[in-house]
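1. Just a sequence and a predicted model for now, questions to come.
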Amino acid sequence: MSRQVLPSLVLAGLLCSSSAQALDIEQQRGEALLQKMCARCHAVGTGGESPNTQAPAFRTLGENKLYDPDFVQRLQEGYSSIHRFMPTFRFEREDAEAVVNYLEAIQAPRKPK
């Protein structure tokens, strides 16, 4: 392979792999909703600590919540927590789906036990 072609192929591969990890429009909407409603207490993105040390970072929610088939429905009906200071949030169906789609996209890989 030509020395001139190889760097171009490497660059193209890097661009493709980074764009594959970019958030789609729905996920961006979900992120914006969570930033507006939840970032006061929770780390909403892929890094950083939660402002409230008792509030889990959303990237660590894991399979328990996100892959529960009723999670979107619970977000629509009014999601609340056992924590007395957490308000109840209600989402329209499209917003609930966008939030779950975003949360699924940002989950940190599980650490081996």
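-> Yep, that arrived. Residues are numbered from 1 along each chain as shown.
2. all helices for this protein, in order.
-> Using DSSP state H, the helices of the chain run over residues 5-20, 25-38, 62-66, 71-77, 93-106.
3. which residues touch the closest residue to Gln76 other than its chain neighbours?
-> Here the nearest residue to Gln76 in space, its sequence neighbours aside, is Ala96; by Cβ to Cβ, 6 or more residues apart in numbering that works out to 5.2 Å. In this view, the C-beta of every residue, glycine as well, is placed from N, C-alpha and C. Residues near Ala96 by Cβ atoms under 8 Å, 6 or more residues apart in numbering: 72-73, 75-76.
4. With Thr60 instead?
-> Residues touching Thr60, when contacts are defined by Cβ under 8 Å, 6+ apart, comprise 107-108.
5. So which residue is smack in the middle of the chain?
-> For the chain, the residue nearest the mean C-alpha position is Leu103 (2.8 Å; Cα atoms, centre = their mean).
6. Would you confirm that it contacts Gly30?
-> Yes. At 7.1 Å, Leu103 and Gly30 qualify as touching, with contact defined as Cβ atoms under 8 Å.
7. what about this structure, any weak spots by pLDDT?
-> Counting by pLDDT under 70, the chain contains low-confidence ranges at 1-21, 63-64, 111-113.
8. ok, so of the contacts of Ala96, who is nearest Pro87?
-> Top of the list for closeness to Pro87, among the contacts of Ala96 and by Cβ to Cβ, is Leu75 at 13.3 Å.
9. which residue packs closest to the closest one, ignoring adjacent ones?
-> The shortest distance from Leu75 to any non-neighbouring residue, by Cβ to Cβ, 6+ apart, is to Ala96 (3.8 Å).
10. got it, and Val100?
-> For Val100, the nearest residue in space outside its immediate sequence neighbours is Val72; the separation is 5.5 Å by Cβ to Cβ, 6+ apart.
11. try Pro51
-> With Cβ to Cβ, 6+ apart as the criterion, Pro51 has its nearest non-adjacent residue at 5.9 Å, and that residue is Cys41.
12. Please apply the same query to Arg110.
-> Nearest-residue entry for Arg110: Gly62, 7.0 Å, with adjacent residues in sequence omitted and distances by Cβ to Cβ, 6+ apart.
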